[in-house]
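**Q** task: produce atomic coordinates for the following.
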Amino acid sequence: MTYKTRVLFICVANAARSQLAEALLRHTDSERFEAFSAGTAPSEIDPRTFEALQHLGVSTEGLRSKSLDEFVGERFDYVITLCDKSALECHALPGAGEALAWNFEDPTTNTKPEAFRHTLHEIHERIKMFVLVKTKP
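**A** Model (predicted):
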């Protein structure tokens with residue numbers, strides 16, 4: 001069995017951005033990456049998160065809002081925060097390899113009708129670049 005790079009995406013509520021990132025990384029390269037997401041203060045997943053992913057044809061199977069506490073003691077190659085607030089709260093996660101801070105606008109508080117698709121597209125572009133860079137021989 002080949003080793004997969006483990007990536008944990010974190011935002012505060014685990015309702016939109018980190019869910020989008022988890023699903024998009026699985027969609028982009030599930031052979032080489034294992035994707036997870038969690039929130040520092042998890043709530044319910046926003047239904048528009050599922051709609052945006054399904055619109056792009058990305059599987060939403062297994063997505064659920066999870067607390068960071070579920071992953072205590074697990075090892076991750078990358079821990080990627082998706083908002084400034086979670087970056088401040090997650091600077092010292094034990095078992096974390098490289099910590100990356102990406103900052104995306106929260107679509108749940110954005111009033112624009114295309115907010116979720118816009119955030120989905122921005123995260124997807126960043127993930128494609130991440131995969132490209134991290135899988136170079």
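**Q** where does this protein have low pLDDT?
**A** 1, 86-95 (pLDDT under 70).
**Q** show me where it has its strands.
**A** For the chain, strands defined by DSSP state E occupy the ranges 5-11, 33-39, 76-81, 96-101.
**Q** out of those, which gets nearest to V131?
**A** Smallest distance to V131 across the strands of the chain (Cβ to Cβ): 7.0 Å, for strand 33-39. From N, CA and C alone the C-beta is placed, and that goes for glycine too.
**Q** I'd like to know which elements that closest one is packed against.
**A** Strand 33-39 is packed against strand 5-11, helix 17-29, with contacts defined by 3 or more Cβ pairs under 8 Å, 6 or more residues apart in numbering; DSSP states H and E.
**Q** packing partners for the first one?
**A** Applying 3+ Cβ pairs under 8 Å, 6+ apart, we find strand 5-11 packed against helix 17-29, strand 33-39, strand 76-81.
**Q** quick one on the thing from earlier: how about the helices and strands packed on strand 33-39 in a markdown table, adding distance to S43 and mean neighbour count?
**A** Shown next, in a markdown table, are the helices and strands packed on strand 33-39 (distance: least, Cβ to Cβ, whole Å; neighbours: other Cβ atoms under 10 Å):
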| stretch | distance to S43 | mean neighbour count |
| --- | --- | --- |
| strand 5-11 | 11 | 25 |
| helix 17-29 | 11 | 25 |
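**Q** redo those as JSON lines? Include distance to W102.
**A** Converted to JSON lines, the helices and strands packed on strand 33-39 look like this (distance: least, Cβ to Cβ, whole Å):
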{"stretch": "strand 5-11", "distance to W102": "9"}
{"stretch": "helix 17-29", "distance to W102": "8"}
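**Q** can you tell which of these is closest to R48?
**A** Closest among the helices and strands packed on strand 33-39, using Cβ to Cβ: helix 17-29, at 10.3 Å.
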